[in-house]
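>>> Got a sequence here, can you model it:
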Amino acid sequence: MKAQKEDVEKVDAECKKLKEENKRDSLNGLASRIDETLLKKINHKLDSSRPDDIISLLETFVALLRNKTQATHVDVKLYLQDHAKLQFKLRTIEATKLDHEVVTKHANALNDKLGKKEMGFTDPTADNWEYNVFYAWADSFAHYAEYFLDQKDLHEQQAETRNNIANLE
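The predicted model follows:
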């Protein structure tokens, strides 16, 4: 019976790892759509017209990358000026090292405000559609991170419960 339980746990762990790798591959696919041409175009747009909706999206995007509750236009400029560094960050950021509350805040902002059709990041016919990759990556990553942070919290609670039970004995 114990061997069966260990086999089940092993299969569960392998499935979880595969699921994580598939989600990460999906995020990396989105990241590859943020190319140098797009960065030049968006930097030019930010310098010339400073559209509030795009600035709001990019501030959320950068704040999520920085694990901060907010980001400024200066933070956005710094993150978007070097394509190689941005790509490195997008591909190496570790979800489990982020603050759960920060990730939830940004996930809610992405869903409640930035995900609305009138913002143009989820509507292929809108003017802002070309920048939807920033929305798509941030939204996908926020959900990805929330899943793993929930798992991390659960494991910590289980360990604490086990420890409390051991102390009772």
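>>> low pLDDT regions in this structure?
1-21, 114-115, 117-120, 169 (pLDDT under 70).
>>> May I ask you to name the longest helix in it?
In the chain, assigned by DSSP state H, the helix with the most residues is helix 132-168.
>>> Quick check: nearest residue in space to the residue nearest the centre of the chain, chain neighbours excluded?
Taking CA atoms, centre = their mean, the centroid of the chain lies closest to residue 141, which sits 2.3 Å from it. In space, and not counting its chain neighbours, residue 141 is closest to residue 27: 5.8 Å by CB to CB, 6 or more residues apart in numbering. For the C-beta atoms, the positions are set from N, CA and C on the backbone; glycine is no exception.
>>> Show me the helices in this protein, by range?
In the chain, the helices defined using DSSP H lie at 2-32, 36-48, 52-66, 73-80, 83-92, 100-109, 132-168.
>>> now these as JSON lines including distance to residue 122?
Listed next are those as JSON lines, based on distance: least, CB to CB, whole Å:
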{"stretch": "helix 2-32", "distance to residue 122": "14"}
{"stretch": "helix 36-48", "distance to residue 122": "18"}
{"stretch": "helix 52-66", "distance to residue 122": "11"}
{"stretch": "helix 73-80", "distance to residue 122": "20"}
{"stretch": "helix 83-92", "distance to residue 122": "20"}
{"stretch": "helix 100-109", "distance to residue 122": "14"}
{"stretch": "helix 132-168", "distance to residue 122": "7"}
